[in-house]
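*Asks:* Sequence and predicted structure, then a few things I'm wondering about:
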Amino acid sequence: MRQSVIERTTHETRVVVRLAIDGTGEAHIHTGIGFLDHMLHQLARHGLFDLDVEAEGDLHVDGHHTVEDVAIALGQALRQALGDRSGVQRFGHAYVPLDEALVRVVVDLSNRPGLVWQVTIPAPRLGDCDTELFREWFIAFTNNSAITLHATLVHGSNSHHIVEACFKALARALRQACAVDEKQIGRIPSTKGTLTQ
């Protein structure tokens, strides 16, 4: 089973992430930021990943360090669980609507980190979370999982719907990209022969 455990401790946060790629969508999430918990539950459920996240951060300052460090640890967990990335589909994409909002996410398990973020979130806050932190989450996750990720807001006006559609679309795109390709068992899906540098 493709799984990993990452523990990250700094002067600002302590984060533990347990990830199983080939799961059923079971999640236990406690970050201290309600809306982030909600989004990580969406990622697990729609990606069919088993995901446990425990985070303690300096929320008396603000949510930035916690949001970013959770993304760093989760990205590292995905990178570790994928191993040499042999046998995977590699590419994935999803269009996800949520009421008036429509988001497209495309991923490549390329081992070349890169984010294109074409998402505008109208409201400055959702619950107890600054919405500008979601771009930071996607940057940190992309860099630490070593994937290429394009996120595009096709249209939408409700900030909750927009952010939730981003996470659901990411989940579906990752689910597709991480899936085992029966024609590629034991093979690296690249003419270079490697996806590990």
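*Replies:* Right, received. Where do you want to start?
*Asks:* Let me see the ranges of the strands in this protein.
*Replies:* Using DSSP state E, the strands of the chain run over 3-9, 13-20, 27-30, 50-57, 91-98, 101-108, 114-118, 125-126, 129-130, 148-155.
*Asks:* Please name whichever of those strands is nearest to Leu170.
*Replies:* strand 101-108 (4.9 Å; C-beta to C-beta). (C-beta placed from N, C-alpha, C; glycine too.)
*Asks:* about what we covered before: would you turn the strands of the chain into CSV with mean pLDDT, mean neighbour count and distance to Leu40?
*Replies:* Below are the strands of the chain laid out as CSV (pLDDT from 0 to 100; neighbours: other C-beta atoms under 10 Å; distance: least, C-beta to C-beta, whole Å):
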stretch, mean pLDDT, mean neighbour count, distance to Leu40
strand 3-9, 98, 15, 14
strand 13-20, 98, 20, 10
strand 27-30, 98, 16, 5
strand 50-57, 97, 20, 6
strand 91-98, 98, 18, 16
strand 101-108, 98, 22, 16
strand 114-118, 98, 14, 18
strand 125-126, 94, 18, 14
strand 129-130, 94, 20, 12
strand 148-155, 98, 17, 16
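*Asks:* Could I get those strands in TSV, plus columns for distance to Gln176?
*Replies:* Listed next are the strands of the chain as TSV, based on distance: least, C-beta to C-beta, whole Å:
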stretch	distance to Gln176
strand 3-9	19
strand 13-20	17
strand 27-30	19
strand 50-57	17
strand 91-98	3
strand 101-108	8
strand 114-118	18
strand 125-126	27
strand 129-130	28
strand 148-155	13
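*Asks:* Let me know which of these is the nearest to Gln80.
*Replies:* strand 3-9 (3.9 Å).
*Asks:* What strands line up against that closest one, and which way round?
*Replies:* Using DSSP bridges, strand 3-9 pairs in its sheet with strand 13-20 (antiparallel).
*Asks:* From the centre of the protein outward, give me the first residue you hit.
*Replies:* Taking C-alpha atoms, centre = their mean, the centroid of the chain lies closest to Phe141, which sits 5.8 Å from it.
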